[in-house]
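*Asks:* structure of the sequence below:
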Amino acid sequence: MARRRERRVEPSQDRRKGRVGTETREEKFSDSDASDRKLISIFVVFFIVIPAVSVLVYSIKYGSGTKRLEPVVTERGLIKTDISYQEILSENSKIAENVSQRHYDYPVLAYITPWNSRGYEMAKRFNSRFTHLSPVWYDLKSQGSSLILEGRHNADKGWMSELRMRGDALVLPRVVLEAFPSELLKKKKQRDKAIDLIVKECKEMEYDGIVLESWSRWAAYGILHDPDLRNMALKFIKQLGHALHSVRSTRNLEKQLQLVYVIGPPHSEKLLQHDFGPEDLQSLSDAVDGFSLMTYDFSGPNNPGPNAPLKWIRFNLQLLLGSTGNNAQRLAPKVFIGINFYGNDFVLSGGSGGGAIIGRDYLSLLEKHRPLLQWEKNSGEHFFVYSDHNNVRHAVFYPSLMSIYMRLEEARSWGTGVSIWEIGQGLDYFFDLL
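*Replies:* Have a look, this model is predicted:
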């Protein structure tokens, strides 16, 4: 949580009078022993006991989300800017024996994709490090004049059972809203049908809620450029959130089903009409339990560079939370900063090209090219350059312990949570940071 300012305690009127008394020099010396003892007692109480108690109370009540136990990778001296390929190759598979200890108290949402089975294993292995797990399973599509929710064939109830035996992470499958947006938003019957399909699936499959992705698709269809349709879109999200909140979890009747909503970063320094902004965050805050902010994919093949510059992440948070005034502390815990566990291998010469790489690809490149890793201070990311067998130069940007640690700390300083895309793509020792 975000730190609060420590309140100053004003001295009472009696104490003020005691301090401004006008005793004479003779009166003080005539009762010296008692006066000395009294002064010593006052000194001890005011300058030692009270400050000590205040610090203890403050640290308990307003302490940051960081736990006292440091990650094992910190003890091993691995979180640093000066790293080598040899160190990564030799250390990446070594993890702490205690995988249940979390190092941050804020929400940690992790995505898992069906096409990368390693993510399922990482979710089980490091279950206690996460608060939310979102397998990418569902699509809500138009089917003639009706709707259909596709994806149950992806669902793995055995995996979910194993997860729940190992920890308390909530399972919220991702649902991508691919239905024709104009029909969905304009027709009450379709809106009600969509919500009914989602809520029914949560009940039958014993999910803890869903992660909904629709904003980017609505923007692509031009829906968000129309003020009336934009308001209808926000209304639909609220309606879905309230419907989920009205249902109790089958695992814990004291908890309601949750809605996490995926939002993208703005496309320019000035918010455009189709961008998700602070007013939208405020408007949906009661109906949505978390906002998965996609602060990655800053660069691409046509503009090679870092995946998620730290200054860019701060800019996004400032846009969303900086203008919400007194509500910033209330809203910040619902914003989950996106952290990429994948990287990119960009072509620098001979035309543009390249694309995403995952952990095993990265390790193969390190073994083959034995590169010199460099720290890019402005973005807060490591990278290296190599030439392939055709003498074409490449730049590789992939997360490091240092880059991830800095983003986790950034989340702590803002009082937000984090969302990771996706855990099957990272190196084992990344999880020691969480």
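
*Asks:* Arg314: how many residues sit nearby?
*Replies:* 16 (other CB atoms under 10 Å). Every C-beta, even on glycine, is put in place using the N, C-alpha and C of the backbone.

*Asks:* for Asp280, see how far away it is.
*Replies:* Here the criterion is CB to CB, to the nearest Å. By it, Arg314 lies 20 Å from Asp280.

*Asks:* now the helix or strand hosting Tyr111: mean pLDDT?
*Replies:* Taking DSSP states H and E as the criterion, Tyr111 maps to strand 108-112. Mean per-residue pLDDT for strand 108-112: 98.

*Asks:* same for the helix or strand just after it, what does it pack against?
*Replies:* Counting by DSSP H and E, the element after strand 108-112 in chain order, helix or strand, is helix 118-125. Counting contacts by 3 or more CB pairs under 8 Å, 6 or more residues apart in numbering; DSSP states H and E, helix 118-125 packs against strand 108-112, helix 157-166.

*Asks:* if we go to 10 Å?
*Replies:* For helix 118-125, the packing partners by 3 or more CB pairs under 10 Å, 6 or more residues apart in numbering; DSSP states H and E come out as strand 108-112, strand 132-143, helix 157-166.

*Asks:* that helix versus strand 108-112: what angle between them?
*Replies:* Using axes from the mean of the first three to the mean of the last three CA atoms, to 10 degrees, the inter-axis angle of helix 118-125 relative to strand 108-112 is 140 degrees.

*Asks:* what's the angle from helix 118-125 to helix 157-166?
*Replies:* Using the same axes, to 10 degrees: helix 118-125 against helix 157-166 is 30 degrees.

*Asks:* for helix 118-125, which outside residues touch it?
*Replies:* When contacts are defined by CB atoms under 10 Å, 6 or more residues apart in numbering, helix 118-125 is touched by residues 95, 99, 110-114, 116, 129-130, 133-136, 156, 159-160, 162-163, 165-167, 169, 171, 341, 358-360, 420, 422-426, 428, 430-431.

*Asks:* for the stretch 301-434 of the chain, which spans come out with low pLDDT?
*Replies:* 323-326 (pLDDT under 70).

*Asks:* kindly recompute the last result at 80.
*Replies:* In the predicted model, the stretch 301-434 of the chain carries pLDDT under 80 at residues 323-327, 350-352.

*Asks:* where do the strands sit along it?
*Replies:* All strands of the stretch 301-434 of the chain, identified by DSSP state E, counting those that start in this stretch, fall at 335-340, 343-347, 354-357, 374-376, 381-387, 393-397, 417-421.

*Asks:* doesn't Val335 make contact with Asn327?
*Replies:* No - using CB atoms under 10 Å as the test, Asn327 is too far from Val335 to be in contact (12.0 Å).

*Asks:* anything in contact with each of these two?
*Replies:* Counting by CB under 10 Å, 6+ apart, the residues touching both Asn327 and Val335 are Leu281, Leu321.

*Asks:* who has more neighbours, those two?
*Replies:* Legend: neighbour count by other CB under 10 Å for Asn327 and Val335, higher for Val335 (24 against 14).

*Asks:* tell me the bridge partners for the more buried one.
*Replies:* Phe291 (DSSP bridges).

*Asks:* how much space between it and Tyr207?
*Replies:* 22 Å.

*Asks:* nearest to Leu89, out of the strands of the stretch 301-434 of the chain?
*Replies:* Ranking these by proximity to Leu89 (CB to CB) places strand 381-387 first, at 13.2 Å.

*Asks:* need the strands of the stretch 301-434 of the chain in CSV with distance to Trp215, can you?
*Replies:* Formatted as CSV, the strands of the stretch 301-434 of the chain follow (distance: least, CB to CB, whole Å):
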stretch, distance to Trp215
strand 335-340, 14
strand 343-347, 24
strand 354-357, 22
strand 374-376, 30
strand 381-387, 26
strand 393-397, 26
strand 417-421, 15
